[in-house]
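In: Got a predicted model here, sequence first, then my questions.
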Amino acid sequence: MNMTTLNTPLPEDLMKLKWNGQFKLMQEMIDLRLQKDIPTKLKERLELEKELISRLPENFTYSKEDAIELLKSKISDFKDEEFDELFKDNAFEWIFIEGKMYLKDNFFENLIKVRKAYKDRLIEKDGAASTLLDDVMHKMKEEKDVYCKIHVKTSLKVDPAFEKPGKTIRVWLPIPKEYAQVEDFKLLNTSHEGLVNDNSVDQRCVYIEKPYEKCEEFSVEYEFINHMHYEELDPSIVTDEHPDTCLEEYAPHVVFTDYLKDLVKEIIGEETNPLLKAKLIYNYITTHVTYSYVRAYATLPCIPEYITTGLKGDCGLQALTFITLCRIAGIPATWQAGLYTTPETIGNHDWARFYVAPYGWLYADCSFGGGSYRAKNLERQDFYFGHLDPFRTPCSSKFQGAFVPAKNFLPNDPFDNQNGEMEYADEAIPGKYIIKETEKIEISLLEDQNA
């Protein structure tokens, strides 16, 4: 399926049904519409929409009543009126299902993550806040070069409810790309023999294909050194030189709409220095956009417009918005994504890279910068423009990158690949039937790259 057809508008009657959550009726009406003589682009859009609306209700499990009950059980003296105030302030991710409002399953965690006043009212308090990021930031500023050994294992299994022994199964397990900050990569173990993608693949994987056996687990284990360099950025030595790549539109999300072009003009004003233009864009996102968990990216409209109108979004949405606005401003920018891997935690994460001469490719993590801004840690907010901590496992170098070999069915995540993908040769495996596990075996800062 062609994701670029997301830019083709849906007929109004179908759009009305979609946002009222009338998904079954909408599927029936799409089937009828597809029997008619309609434009090719519209046909492709409707075929894609059938798949997307089957995914849309996933993870929206809390009714308003259930949500309020949960909040009252977790937050001291929480009132019904507070829910209404938060709702009006766009604090929740929600949709209608059959005309009734449902909130996303992690709405509570999201609220506590971004609204300190509610975190302070928790009945059961969290532990002390970690100083890890501040510590490593200061270490980088002092030592300039920091090295982190990262040893990880990623595993995939099919949920017993969707097991089909004997069918050919196809598996893509992500591994780091050997570029940028990645040094001394070693593929330590794979559960099965497979094809190891070369370094040119945007979403690098170990690919496995075989007849499926009951309770089978697919895994890959690797280690590498993440080398991060710190340098004070000086706008006075910046030049306009840049590569000709990473400046183009890339539908359906990296698109230069009139709204986004006007926004860039408003943000950068008369500024012409590439470094300062990128900093103005970064500052705008980190001070105006609130972090928020969102529904599956595949179900979102134009992401940069979605985030700059709703003013909320997660790490990937913020990164893609930074990339798009930079490209509109004439600054090469691209995607980097994979895992955030520290001695304390491991999880999915996305961030951006942008090019400014004479420094070359620099980093920007808008979600970490925005979190630092909300915590009133302006030093750390500034750090994440141009630099990164060393706790990253970059597996994807391009948003919406291709899989090698190509998938037969629409990926569960058509835009990113942090945990892997599976499908039977003749049938998709829905994401809810894929059991994913990412294990940190060793994450340690080294004294030097030879340690």
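Out: Sure thing, it's come through.
In: For residue 73, which three-state class applies?
Out: Applying DSSP: H, G, I helix; E, B strand; the rest coil to residue 73 yields a three-state assignment of helix.
In: How about the contacts made by it?
Out: By C-beta atoms under 8 Å, 6 or more residues apart in numbering, the contact set of residue 73 is residue 123. C-beta here means a position set from N, CA and C on the backbone, and glycine is covered the same way.
In: tell me which residues in stretch 344-351 are buried?
Out: 346, 348-351 (16 or more other C-beta atoms under 10 Å).
In: tell me which element residue 151 is part of?
Out: Using DSSP states H and E, residue 151 maps to strand 145-158.
In: All the helices of the protein, in order from the start?
Out: 12-20, 23-34, 40-55, 64-74, 80-88, 107-114, 116-119, 132-143, 258-268, 274-288, 303-310, 315-328, 366-374, 378-383 (DSSP state H).
In: so which of those helices gets nearest residue 394?
Out: helix 315-328 (12.2 Å; C-beta to C-beta).
In: Skipping adjacent residues, who's closest to residue 7 in space?
Out: Counting by C-beta to C-beta, 6 or more residues apart in numbering, the nearest residue to residue 7 once its immediate chain neighbours are dropped is residue 252, at 4.8 Å.
In: contacting residues for the most centrally placed residue in the chain?
Out: Centroid-nearest residue in the chain: residue 316, 3.2 Å away (criterion: C-alpha atoms, centre = their mean). For residue 316, the contact set (C-beta under 8 Å, 6+ apart) comprises 297, 337, 350, 415-416.
In: Kindly recompute the last result at 7 Å.
Out: Applying C-beta atoms under 7 Å, 6 or more residues apart in numbering to residue 316 gives the contacts 297, 337, 350, 416.
In: re the thing from before, may I see the helices of the chain organised as CSV, with distance to residue 213 added?
Out: Putting the helices of the chain into CSV (distance: least, C-beta to C-beta, whole Å) gives the following:
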stretch, distance to residue 213
helix 12-20, 40
helix 23-34, 34
helix 40-55, 28
helix 64-74, 39
helix 80-88, 48
helix 107-114, 36
helix 116-119, 46
helix 132-143, 41
helix 258-268, 49
helix 274-288, 47
helix 303-310, 39
helix 315-328, 34
helix 366-374, 40
helix 378-383, 48
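In: Quick one: closest of these to residue 238.
Out: Using C-beta to C-beta, the nearest of the helices of the chain to residue 238 is helix 274-288, at 4.7 Å.
In: Run a quick neighbour tally on the residue nearest to residue 355 when sequence neighbours are not counted.
Out: Leaving out its chain neighbours, the residue that sits closest to residue 355 by C-beta to C-beta, 6+ apart is residue 332, at 4.0 Å. Using other C-beta atoms under 10 Å, residue 332 has 20 other residues around it.
In: any idea how far residue 412 is from residue 430?
Out: Here the criterion is C-beta to C-beta, to the nearest Å. By it, residue 430 lies 7 Å from residue 412.
In: wait, I meant residue 426
Out: 17 Å.
In: So for the two, which sits in the more crowded spot?
Out: residue 412 (22 against 10).
In: residues contacting that one?
Out: 421, 431, 434.
In: Just the pLDDT at it, thanks.
Out: At residue 412, the model reports a pLDDT of 93.
In: One more: residue 189?
Out: 98.
In: Tell me how many other residues crowd it.
Out: Neighbours of residue 189 using other C-beta under 10 Å come to 10.
In: One more: residue 94?
Out: Residue 94: 18 neighbours (other C-beta under 10 Å).
In: doesn't residue 105 make contact with it?
Out: No: if you go by C-beta atoms under 7 Å, residue 94 and residue 105 don't touch, sitting 11.3 Å apart.
In: ok, now which ones touch the residue nearest to residue 393 when sequence neighbours are not counted?
Out: Distances taken as C-beta to C-beta, 6+ apart put residue 339 closest to residue 393, at 4.0 Å, once the chain neighbours are dropped. Shown in contact with residue 339 (C-beta under 7 Å, 6+ apart): 152, 346-349, 393, 418, 438.
In: What residues does the closest residue to residue 41 other than its chain neighbours make contact with?
Out: Spatial nearest neighbour of residue 41, chain neighbours left out: residue 8 (4.9 Å); criterion: C-beta to C-beta, 6+ apart. Applying C-beta under 7 Å, 6+ apart, we find residue 8 in contact with 41-42, 45.
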